[in-house]
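>>> after the sequence you'll find the predicted model.
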Amino acid sequence: MNHQEGARKLGVDPASLSPAPPAPRFAQTWARMQQEPPCSACGRPSRTSGVLHDRDHGPRWFDRCRECLLATPPTLRVPPVRFLEELRAVAADAPLHTYTDVGGWEGE
């Protein structure tokens, strides 16, 4: 589900959220996550942050703790079958190296 659906499911009013940049850089989101702001739904320390784009209130930070994140999982933008097909195609071209404690990297 997207952030708007997640907020609705968790009963979060977008008006109560902090203003956010419309398209934050990864560094901005990471810095916010390091501060562990309270979860937008339950108040526990958050583990993830994202921007909810609300029609009436503009971009707002939507922070979720582990439990609230698991209750509102993101949806794939493509059907799962297609996602797995594309993942297999990419993985088939990736070199595989395993690390062993005794001999170091195997396959190099």
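Perfect, thanks for sending it.
>>> from here on, just use CA atoms for contacts and neighbour counts.
Noted.
>>> where does residue 6 fall, secondary structure wise?
In the assignment (DSSP states H and E), residue 6 maps to helix 3-10.
>>> oh, I was asking about residue 27
With DSSP H and E as the criterion, residue 27 is inside helix 26-35.
>>> relative to helix 3-10, how tilted is the helix or strand that comes right after that helix?
Going down the chain from helix 26-35, the next helix or strand is strand 48-54, by DSSP H and E. Interaxial angle of strand 48-54 relative to helix 3-10 (axes from the mean of the first three to the mean of the last three C-alpha atoms, to 10 degrees): 100 degrees.
>>> which helices and strands sit right next to the helix or strand just after strand 48-54?
Of the helices and strands lying after strand 48-54 in sequence (DSSP H and E), the nearest is strand 58-64. Using 3 or more C-alpha pairs under 8 Å, 6 or more residues apart in numbering; DSSP states H and E, the elements in contact with strand 58-64 are strand 48-54.
>>> show me which residues of the strand it packs on are buried.
Buried residues in strand 48-54, counted by 16 or more other C-alpha atoms under 10 Å: 48-53.
>>> do stretch 15-29 as well
17, 19-20, 29.
>>> from the middle of its chain, how far away would it be?
Relative to its chain's centre, stretch 15-29 lies at 13 Å (C-alpha atoms, centre = their mean, to the nearest Å).
>>> can you give me the mean pLDDT across it?
If you average the pLDDT over stretch 15-29, you get 95.
>>> for stretch 39-52, same thing?
Rounded mean pLDDT across stretch 39-52 is 95.
>>> show me what contacts the residue most central in space within the chain?
Residue closest to the mean C-alpha point of the chain, counted by C-alpha atoms, centre = their mean, is residue 48 at 6.1 Å. Residue 48 makes contacts with 33, 63-66, 69, as judged by C-alpha atoms under 8 Å, 6 or more residues apart in numbering.
>>> list the beta-bridge partners for it.
Beta bridges link residue 48 to residue 64 when assigned by DSSP bridges.
>>> now it: how far from residue 42?
Distance check for residue 48 against residue 42: by C-alpha to C-alpha, to the nearest Å, it reads 13 Å.
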